[in-house]
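**Student:** Sequence first, predicted coordinates after that:
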Amino acid sequence: MNYEGILAQVEHAGVYHMPGDGEAGLITAAEANGFFVFRVDLAAARDKDQLLDTIAHAMAFPEWFGHNWDALLDCFADLGWRPAEGYVVILEHCDGIHGRAEADFVQTLQVFEHAANEWREQGIAFWCFVDMQADGINWLTDIA
């Protein structure tokens, strides 16, 4: 699949299932487009606090991050500490947090989607790929 071309389509950026062929092709394509790639391993996250802490650590959020949904969106909306042509966030090992704190996990994905919409208005791609084996989130689609 031509991920490089797909990722360059800012109008389609948003939150998607991880493609079946894995993240290696996505990372290569993102880097070819000048995008910064954040890999967030959620295997150890058990609740909202751990979920937000893991994202904040992996994405190197500033110290002022307030560990709530509004602060999460604020950090996504201002990635000045990681200037790039676009962004790809890969959420790895999501089945556990989805099973333990489903509402919080879904809320997090909605914040990612909101951030993608805001970045799109600026002409910048903000992609989030969710590594899940389960099909528990109906609106989460495949990239192609």
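**Tutor:** Thanks, I have the structure now.

**Student:** Quick test: name the residue nearest the centre of this protein.
**Tutor:** residue 128 (3.0 Å; C-alpha atoms, centre = their mean).

**Student:** Quickly find the element holding that one.
**Tutor:** strand 125-130 (DSSP states H and E).

**Student:** Could you list every helix and strand that that strand packs against?
**Tutor:** strand 15-17, strand 86-92, helix 102-121 (3 or more C-beta pairs under 8 Å, 6 or more residues apart in numbering; DSSP states H and E). In this view, the C-beta of every residue, glycine as well, is placed from N, C-alpha and C.

**Student:** Which other helices and strands does the first one contact?
**Tutor:** Strand 15-17 makes packing contacts with helix 102-121, strand 125-130 when contacts are defined by 3+ C-beta pairs under 8 Å, 6+ apart.

**Student:** in that strand, what counts as buried?
**Tutor:** Within strand 15-17, the residues scored as buried using 16 or more other C-beta atoms under 10 Å are 15-17.

**Student:** ditto for the last one
**Tutor:** Using 16+ other C-beta under 10 Å as the burial criterion, the residues of helix 102-121 that qualify are 104-105, 108-109, 111-116, 119-120.

**Student:** could you redo those as JSON lines and give each row distance to residue 24?
**Tutor:** JSON lines is the format used below for the buried residues of helix 102-121 (distance: C-beta to C-beta, whole Å):
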{"residue": "104", "distance to residue 24": "29"}
{"residue": "105", "distance to residue 24": "24"}
{"residue": "108", "distance to residue 24": "24"}
{"residue": "109", "distance to residue 24": "23"}
{"residue": "111", "distance to residue 24": "26"}
{"residue": "112", "distance to residue 24": "21"}
{"residue": "113", "distance to residue 24": "24"}
{"residue": "114", "distance to residue 24": "28"}
{"residue": "115", "distance to residue 24": "24"}
{"residue": "116", "distance to residue 24": "22"}
{"residue": "119", "distance to residue 24": "24"}
{"residue": "120", "distance to residue 24": "26"}
